[in-house]
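Asker: Structure of the sequence below:
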Amino acid sequence: MYLTEIDFLTYDDLPGILRLNAEVPYSWPEEVIRADLSQDSQNEATYIGAFAATAEAPLLGYAVLGREKRAGLLMWILVDRNYQRQGIGSQLLLAVSDCAVYMNFRLLRLRVRKSNAGAIAMYSAMSFRTERVREGYYSNGDDALVMSAMLPLKLRR
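Answerer: Reported below is the predicted structural model:
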């Protein structure tokens with residue numbers, strides 16, 4: 001497991017976020033990120049980053065926590081492709097869980113492409129269960145699984 005430094009992201013972290021987004025075909029929109037991280041933002045999105053524990057400390061991944069009714073909502077999670085499958089996504093999920101508990105949420109919900117087997121496996125290992133399928137949810141017509149887990153998250157063995 002690659003151990004990271006977890007911290008809240010600010011507008012200063014925008015270059016790292018945009019670098020990560022450039023690596024994937026479907027990314028969190030830049031205009032949304034800029035608005036969320038601006039000082040006068042009224043949005044309730046919390047950005048959490050995983051950094052390498054080195055002098056230059058590059059951003060290795062990030063997650064976005066929002067709210068959906070009375071539940072926390074994992075809106076986005078992305079790990080640098082060169083560091084995937086090293087536990088960074090799980091570390092980010094646990095940080096999101098801690099943040100959501102602090103915000104008095106009891107449930108964390110997410111949507112994931114039905115075709116994203118790797119992410120679904122990670123979420124399942126963290127006690128997420130499928131609630132339902134949202135057909136044609138994504139702009140390209142892909143279906144989404146709506147998954148949820150009680151907080152705090154627990155790693156299933």
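Asker: for the helix or strand encompassing residue 63, packing partners?
Answerer: Assigned by DSSP states H and E, residue 63 falls within strand 59-68. When contacts are defined as 3 or more CB pairs under 8 Å, 6 or more residues apart in numbering; DSSP states H and E, strand 59-68 sits against helix 14-21, strand 46-51, strand 71-79, helix 88-102. Every residue, glycine included, has its C-beta placed from N, CA and C.
Asker: May I have the shortest one exported as CSV, CA atoms only?
Answerer: Provided in CSV are the C-alpha atoms of strand 46-51 (Å, rounded to 0.1, in the frame of the first residue of the first chain):
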residue,chain,number,x,y,z
THR,A,46,-15.6,19.3,0.1
TYR,A,47,-12.5,18.5,-1.9
ILE,A,48,-10.0,16.0,-0.3
GLY,A,49,-6.6,15.2,-1.8
ALA,A,50,-4.1,12.4,-1.5
PHE,A,51,-0.5,13.7,-1.8
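Asker: What is the least confident helix or strand in the protein?
Answerer: Of all the helices and strands that make up the chain, helix 30-37 has the lowest average by mean pLDDT, DSSP states H and E, namely a mean of 91.
Asker: residues in contact with that one?
Answerer: With CB atoms under 8 Å, 6 or more residues apart in numbering as the test, helix 30-37 has contacts from 9-11, 13-14, 17-18, 21, 41, 43, 45, 47, 64.
Asker: switch to 10 Å and redo it
Answerer: Under the criterion CB atoms under 10 Å, 6 or more residues apart in numbering, residues 9-14, 17-18, 21-22, 27-29, 41-47, 62, 64, 66, 75-76 lie in contact with helix 30-37.
Asker: Check the offset of stretch 91-100 from the chain's centre.
Answerer: In terms of CA atoms, centre = their mean, to the nearest Å, the centre of stretch 91-100 is found 9 Å from the chain centre.
Asker: what does the average pLDDT come to for it?
Answerer: For stretch 91-100, mean pLDDT is 95.
Asker: List the buried residues in that stretch.
Answerer: 91-97, 99-100 (16 or more other CB atoms under 10 Å).
Asker: ok so, going back, measure how the strand holding residue 63 sits relative to strand 71-79, angle-wise.
Answerer: Calculated by axes from the mean of the first three to the mean of the last three CA atoms, to 10 degrees, strand 59-68 forms an angle of 160 degrees with strand 71-79.
Asker: Lovely, talk soon.
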